[in-house]
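Colleague: Return atomic coordinates for the entry below.
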Amino acid sequence: MRIINHLITMTILSAGIAGAQTPPAAPQGAPPARRGGGGRGGGGGAQNMTLVTTAWPDGGMIPLRYTQAGPELSPAIQWSGAPQGTVSFVLIFHDADTLVPQSTDGILHWMLWNIPGTSNGIAQGRPDGFEWEDGTRQISVSGSRYRGPGAPAAGPIHHYVMELYALDTMLDVKVSPQGPQDPNPNVQAIRTSIMQAMVGHIRGKAAYVGLFHRPQ
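Modeller: Purely as a prediction, here's the structure:
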């Protein structure tokens, strides 16, 4: 559990927002954070939430259909336990074992922001496109879409971490000078801007983990 807390903390700190409510990883010997019905709460000042997907068990292997070795369906995701006053959610799905060059961030497979605060989940197989009908926005290293896990068969199994944050605000983040239809936006810059905009607004959080490498 301390490993998951540390991964959440590093996501925040790597964007230079040490002022967020996410604390450092629990010290050795500290009790683990309380778990909900499947997702791992982050502990600390923000309220613990429950994050789950029926696509794979928490800490289990990710089926091929949700990966680059299959049709790359985005998984169905549900959450509960959002604190009162939640205005929006941010969802981040990243490869914790492959870092962006010159960064401590894991490769970004999916980032959703401005998910309405009334939402309690994301349906399976969401379409490509920068903005959804409810105002949710999405990016990944592959553009405005979900990018499935793709760790090579020759290497070790990778850890894919899904993080959910409940915020007390919507985020006004500029995507690129060319606008949301730009086919080659600076994804890392957008990601950093979103994380910076979250400073002081995190009210709840949770995480969920999947494992994957391509079949031989």
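
Colleague: For the chain, which residues score under the pLDDT cut-off?
Modeller: 1-44, 176-185 (pLDDT under 70).

Colleague: Hmm, Thr53 is touching Pro75, no?
Modeller: Yes - Thr53 lies in contact with Pro75 (C-beta atoms under 8 Å); the separation is 4.7 Å. Every C-beta, even on glycine, is put in place using the N, C-alpha and C of the backbone.

Colleague: strand partners of the helix or strand containing Ala207, parallel vs antiparallel please.
Modeller: Taking DSSP states H and E as the definition, one finds Ala207 inside strand 202-212. The strands beside strand 202-212 in its sheet (DSSP bridges) come out as strand 40-41 (antiparallel), strand 47-48 (parallel), strand 60-61 (parallel), strand 158-167 (antiparallel).

Colleague: Using CSV, write out every CA atom in the longest one.
Modeller: Think strand 158-167. Presented in CSV, the C-alpha positions along strand 158-167 are these (Å, rounded to 0.1, in the frame of the first residue of the first chain):
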residue,chain,number,x,y,z
HIS,A,158,4.9,-3.4,-16.2
HIS,A,159,2.7,-1.8,-13.6
TYR,A,160,0.0,0.4,-15.0
VAL,A,161,-1.4,2.8,-12.4
MET,A,162,-4.8,4.4,-12.6
GLU,A,163,-5.3,7.4,-10.4
LEU,A,164,-8.5,9.4,-9.6
TYR,A,165,-8.6,12.8,-8.1
ALA,A,166,-11.7,14.7,-6.9
LEU,A,167,-11.4,18.4,-7.3
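
Colleague: which element follows it toward the C-terminus?
Modeller: As the chain continues past strand 158-167, the following element, by DSSP H and E, is helix 187-197.

Colleague: can you pull the buried residues of that next one?
Modeller: Val187, Gln188, Ile190, Arg191, Thr192, Ser193, Ile194, Met195, Gln196, Ala197 (16 or more other C-beta atoms under 10 Å).

Colleague: I'd like to know how far the fifth one sits from Leu108.
Modeller: Going back to what we said before, that points to Thr192. Plainly put, Thr192 is 11 Å away from Leu108 if you go by C-beta to C-beta, to the nearest Å.

Colleague: and what of the first one?
Modeller: For Val187, the distance to Leu108 under the criterion C-beta to C-beta works out to 6 Å.
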